[in-house]
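> Coordinates only, no sequence provided:
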């Protein structure tokens, strides 16, 4: 008996009862129930009860595999761990704003876009410094449960903030107002380089998210200062960050105030100073899917330049899934919860959005599952160095741990245990914390 098992995103995997190779769409807990054939109806009923009890944001897969000794029900609960993440960078044009409350039309337009896109990580530039404390209210009202870092440097008018669906372990400001004379301009860094260290569930190492907002304007002095700031950031990555954390994923975002494809004659190549082999950062080119344009400024007038960038490190660059320069005014039909002119109301910039797959992602693969002589046996593969655990239940209410700390060495993990009773359900999952 061959079955097509549906997975998230419309994908499917052929399941063959003889080979027992079940490629589950995303790494997550696998619930396996083994029973005699005459108890199939009861098992299916219990599984339906279990599925209804899941919270609404959990997807699941159910496949029925026939074996000589019985029937195995496999259910995949997605969301147990993260396979990747989405990142958005946005200059929210707060310069000069006197009302940054959750009732302000501009703030609400920003919020509607964020609630629609639901990025896992958000970097905001140009939050008004005197009202940056209101970002706490923003999170509470529009993105409850998100973590917030707002201890960035400032020029006294603006600052950057970082929001994350996942815990922010640490946040630091670098180059805050430092002299950039040694990098080519008799001036100080206008703002800073802001960093948040974020622990994504299931990732072996933390993700380092950086954002910066370089000096604006195209006159010769400003361009020289912008180039020096970019040089200072590049030097930071080469001499401070990479010697300590070269093995960790990292990404730089922000408003660089210059179009790499249409630079002014005064340009000191700030983007090229950031995206190169010394920093390990890569240039990307997200575009709007309707216009095909990468330009991000000004949606309130004429879109003539690309100022906003996401520059991932090499390992993230090779795992980009998709990207977008987001515009509400071109959406047709307009999704619920958005207003057509939200992009113009929110900012003169457009947000840039990118999705990444986890670099080391290896879907959990069940190689075999059987029950004989009172013993249940499983074999599966996973990610090298990660730990797995097995639980059992008779009623889906109380789970008993049967095994933990089962470490994958890169080859198949084999596990067996003696079980009592006519029916038992087992949960195989990756331990989120080693």
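Everything's here; your move. If you're wondering where the values come from, they're calculated on a predicted model, not measured in any experiment. Numbering: from 1, shown residues only.

> From now on I want contacts and neighbour counts done on CA atoms only, so please keep to that.
Fine.

> by contact count, what packs against the one helix or strand residue 109 maps to?
Assigned by DSSP states H and E, residue 109 belongs to helix 105-117. When contacts are defined as 3 or more C-alpha pairs under 8 Å, 6 or more residues apart in numbering; DSSP states H and E, helix 105-117 sits against helix 135-142, helix 342-346.

> ok, residues contacting the helix or strand following the shortest one?
Which is helix 342-346. Counting by DSSP H and E, the next helix or strand C-terminal to helix 342-346 is strand 352-357. Contacts to strand 352-357, defined as C-alpha atoms under 8 Å, 6 or more residues apart in numbering, come from residues 83-90, 119, 286, 296, 308-310, 316, 319-326.

> What subset of these is buried?
83-90, 119, 286, 296, 308-310, 316, 319-320, 323-326 (16 or more other C-alpha atoms under 10 Å).

> Where strands are concerned, which of the residues you listed count?
84-90, 308-310, 320, 323-325 (DSSP state E).

> Point me to the residue sitting farthest from the middle of this protein.
What lies farthest from the middle of the chain is residue 373; by C-alpha atoms, centre = their mean that is 45.1 Å.

> For that one, give me its contacts.
Not one residue lies near residue 373 by C-alpha under 8 Å, 6+ apart.

> Ramachandran angles for it?
Per-residue torsions, residue 373: phi 50, psi 40 (degrees, to the nearest 10).

> Going forward, the N-terminal residue is numbered 18.
Sounds good: first residue 18 from here, last item residue 390.

> That one and residue 433, how far apart?
Per C-alpha to C-alpha, to the nearest Å, residue 390 is found 12 Å from residue 433.

> how far out from the middle of the chain is the lengthiest helix in the chain?
Secondary structure of the chain per DSSP state H: the longest helix is helix 237-253. With C-alpha atoms, centre = their mean, to the nearest Å as the basis, helix 237-253 stands 29 Å off its chain's centre.

> which residues are contacting it?
So helix 237-253 is contacted by 192, 197-198, 200-204, 206, 210, 231-234, 283-288, 290-291, 295-296 (C-alpha under 8 Å, 6+ apart).

> How about stretch 196-213?
Contacts of stretch 196-213 (C-alpha under 8 Å, 6+ apart): 166, 169-172, 175-177, 179, 185-195, 225-232, 241-242, 244-246, 248-250.

> Could I have the ChimeraX command that selects the buried members from the residues you listed?
To isolate the buried ones among the contacts of stretch 196-213 in ChimeraX, judged by 16+ other C-alpha under 10 Å, type:
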select :166,169,170,171,175,176,177,179,185,188,190,191,192,193,194,225,226,227,228,229,230,231,232,241,242,244,245,246,248,249,250
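
> Which ones among the contacts of stretch 196-213 lie within strands?
166, 175-177, 179, 185-191, 225-230.

> Tell me which residue is most central in this structure.
By C-alpha atoms, centre = their mean, the chain has its centre lying nearest to residue 102, at 1.6 Å.

> So for that residue, what pLDDT did the model give?
The score at residue 102 is 95. That number is its pLDDT.

> Confirm for me that it is in contact with residue 137.
Yes: with contact defined as C-alpha atoms under 8 Å, residue 102 counts as touching residue 137 (5.9 Å).

> Bridged to the residue nearest to the centre of the chain, which residues?
residue 373 (DSSP bridges).

> Report the separation between it and residue 188.
Residue 102 sits 19 Å away from residue 188, going by C-alpha to C-alpha.

> And residue 332, by the same measure?
Applying C-alpha to C-alpha to residue 332 and residue 188 gives a distance of 22 Å.

> list the contacts for residue 315?
Contact analysis of residue 315 by C-alpha under 8 Å, 6+ apart lists 321-322, 365-367.

> Buried subset of the residues you listed as a ChimeraX selection?
In ChimeraX syntax, the buried subset of those is picked out as below (16+ other C-alpha under 10 Å):
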select :322,365,366,367
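
> Switch the contacts of residue 315 over to a markdown table; also include pLDDT.
Shown next, in a markdown table, are the contacts of residue 315 (pLDDT from 0 to 100):
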| residue | pLDDT |
| --- | --- |
| 321 | 97 |
| 322 | 98 |
| 365 | 97 |
| 366 | 98 |
| 367 | 98 |
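
> which one among the contacts of residue 315 gets closest to residue 216?
residue 367 (27.4 Å; C-alpha to C-alpha).

> What values do phi and psi take at the closest one?
Phi and psi for residue 367, reported as degrees, to the nearest 10, are phi -100, psi 140.

> Residue 139 pairs with what?
Beta-bridge partners recorded for residue 139 (DSSP bridges): residue 105, residue 180.

> residues touching residue 146, list them.
171, 173-176.

> what about 7 Å?
Contact analysis of residue 146 by C-alpha atoms under 7 Å, 6 or more residues apart in numbering lists 173-176.

> same question, residue 269
226-228, 327-329.

> Rebuild those as JSON lines, extending it with pLDDT and distance to residue 421.
Listed next are the contacts of residue 269 as JSON lines, based on pLDDT from 0 to 100; distance: C-alpha to C-alpha, whole Å:
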{"residue": "226", "pLDDT": "98", "distance to residue 421": "32"}
{"residue": "227", "pLDDT": "98", "distance to residue 421": "36"}
{"residue": "228", "pLDDT": "98", "distance to residue 421": "39"}
{"residue": "327", "pLDDT": "98", "distance to residue 421": "39"}
{"residue": "328", "pLDDT": "98", "distance to residue 421": "39"}
{"residue": "329", "pLDDT": "98", "distance to residue 421": "35"}
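
> If we only consider those, which is nearest to residue 125?
Among those, residue 228 lies closest to residue 125 (C-alpha to C-alpha), at 22.9 Å.

> Apart from its neighbours in sequence, what residue is nearest that closest one?
Nearest non-adjacent residue to residue 228, counting by C-alpha to C-alpha, 6 or more residues apart in numbering: residue 270, 4.6 Å away.

> and if you look at residue 310?
In space, and not counting its chain neighbours, residue 310 is closest to residue 304: 4.9 Å by C-alpha to C-alpha, 6+ apart.

> That neighbour contacts residue 343, doesn't it?
No: using C-alpha atoms under 7 Å, residue 304 is not in contact with residue 343, being 8.4 Å away.
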